[in-house]
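K.L.:
build the 3D model from these lines:
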Amino acid sequence: ALQESLKGLSLEEKKEKIAAAIGAVELKRKKKIAIIMHDDMKSIYDATCAKEAKQKGEICNNAELKAYLESPYQPPGKQAFQ
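P.N.:
Residues are numbered from 1 along each chain as shown. Below is the predicted model of the structure:
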């Protein structure tokens, strides 16, 4: 699809289109990585706080952290990933 959209364009226009396509792929990749990291942090948090002795620790009692990890990941705006 990208090759078709490049036909008939000047060299500069082709460079811009290719750069935009690469940027879009990179943005998707970064978002996927951020989602995976959020899920991993949630797993680590759950495993750490599941132990009764650890439940009284600062990490397990941090309401803001708990709310962040228990809610689905909400990616920030585009600028945060660039």
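K.L.:
quick one: which helix or strand includes the closest residue to C60 other than its chain neighbours?
P.N.:
By the measure of Cβ to Cβ, 6 or more residues apart in numbering, the closest residue to C60 outside its immediate chain neighbours is C49, 3.9 Å from it. The way it works is simple: take the backbone N, C-alpha and C, and place the C-beta from them, glycine included. Here C49 is covered by helix 11-50, with elements defined by DSSP states H and E.
K.L.:
for stretch 58-72, what is the average pLDDT?
P.N.:
Mean pLDDT, stretch 58-72: 89.
K.L.:
make that stretch 17-32, sorry
P.N.:
For stretch 17-32, mean pLDDT is 91.
K.L.:
and it, how far out from the chain's middle?
P.N.:
Distance, stretch centre to chain centre, for stretch 17-32: 13 Å (Cα atoms, centre = their mean, to the nearest Å).
K.L.:
buried ones in it?
P.N.:
For stretch 17-32, a neighbour-count test (16 or more other Cβ atoms under 10 Å) marks K31 as buried.
K.L.:
CA atoms of it as PDB?
P.N.:
Backbone C-alpha positions of stretch 17-32 (Å, rounded to 0.1, in the frame of the first residue of the first chain) are rendered in PDB as follows:
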ATOM      1  CA  LYS A  17       5.700   9.800   3.400                       C
ATOM      2  CA  ILE A  18       8.200   7.100   4.400                       C
ATOM      3  CA  ALA A  19       9.200   9.100   7.500                       C
ATOM      4  CA  ALA A  20       5.500   9.400   8.500                       C
ATOM      5  CA  ALA A  21       4.900   5.700   8.000                       C
ATOM      6  CA  ILE A  22       8.000   4.800  10.000                       C
ATOM      7  CA  GLY A  23       6.800   7.200  12.800                       C
ATOM      8  CA  ALA A  24       3.400   5.500  12.900                       C
ATOM      9  CA  VAL A  25       4.900   2.100  13.200                       C
ATOM     10  CA  GLU A  26       7.300   3.300  16.000                       C
ATOM     11  CA  LEU A  27       4.400   4.900  17.800                       C
ATOM     12  CA  LYS A  28       2.400   1.600  17.700                       C
ATOM     13  CA  ARG A  29       5.400  -0.300  18.900                       C
ATOM     14  CA  LYS A  30       6.000   2.100  21.800                       C
ATOM     15  CA  LYS A  31       2.400   1.900  22.900                       C
ATOM     16  CA  LYS A  32       2.500  -2.000  22.900                       C
END
